[in-house]
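Visitor: Got a predicted structure here, sequence first:
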Amino acid sequence: MRNFDLAPLYRSSIGFDRLINLLESNQNQSNGGYPPYNVELTGENHYRITIAVAGFAQNELDITAHDNLLTVRGAHAEEPKDRTYLYQGIAERNFERKFQLAEHIQVRDARLENGLLYIDMERVVPDEAKPRRIEILK
């Protein structure tokens, strides 16, 4: 991935700090693609993130939503190091994956099935933020 210098945007943009910071943080993330995940649109205002978490038990996973940031962490309990691998192709490392959520996105539920973690979300726009028709008085 190419790295771009976003400094000129700071000089010529007012009020876009959050967007520029988001671009910079995504540019600097290097988690190596682990664990793999999908983001789906399951309905007009419904979304699902599916994360492959094979080998993690439910009590080893932590999901936190705060300030439009969804954080998913997986941490294995300490296991004895007395194993001798001839080949180790299964990643058993801990992880932290972060997803920036748009405004009005709420996490509805999460479930673990067959090594896949499903996180369902919904866009719930309050009535005050919805467009409304303004009548013209005569």
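Guide: Nice, thanks for sending it over.

Visitor: Could you use CA atoms for every contact and neighbour count after this?
Guide: Fine.

Visitor: which stretches of this structure form strands?
Guide: Applying DSSP state E to the chain gives strands spanning 37-43, 46-52, 61-66, 69-74, 95-100, 105-113, 116-123.

Visitor: These into JSON lines, with extra columns for distance to Lys138, mean neighbour count and mean pLDDT?
Guide: Shown next, in JSON lines, are the strands of the chain (distance: least, C-alpha to C-alpha, whole Å; neighbours: other C-alpha atoms under 10 Å; pLDDT from 0 to 100):
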{"stretch": "strand 37-43", "distance to Lys138": "41", "mean neighbour count": "12", "mean pLDDT": "94"}
{"stretch": "strand 46-52", "distance to Lys138": "41", "mean neighbour count": "19", "mean pLDDT": "96"}
{"stretch": "strand 61-66", "distance to Lys138": "47", "mean neighbour count": "13", "mean pLDDT": "96"}
{"stretch": "strand 69-74", "distance to Lys138": "47", "mean neighbour count": "16", "mean pLDDT": "94"}
{"stretch": "strand 95-100", "distance to Lys138": "46", "mean neighbour count": "15", "mean pLDDT": "92"}
{"stretch": "strand 105-113", "distance to Lys138": "40", "mean neighbour count": "15", "mean pLDDT": "96"}
{"stretch": "strand 116-123", "distance to Lys138": "37", "mean neighbour count": "19", "mean pLDDT": "96"}
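
Visitor: Quick check: closest non-adjacent residue to the residue nearest the centre of the chain.
Guide: By C-alpha atoms, centre = their mean, the mean C-alpha position of the chain lies nearest to Phe99, the distance being 2.1 Å. Spatial nearest neighbour of Phe99, chain neighbours left out: Leu70 (5.0 Å); criterion: C-alpha to C-alpha, 6 or more residues apart in numbering.
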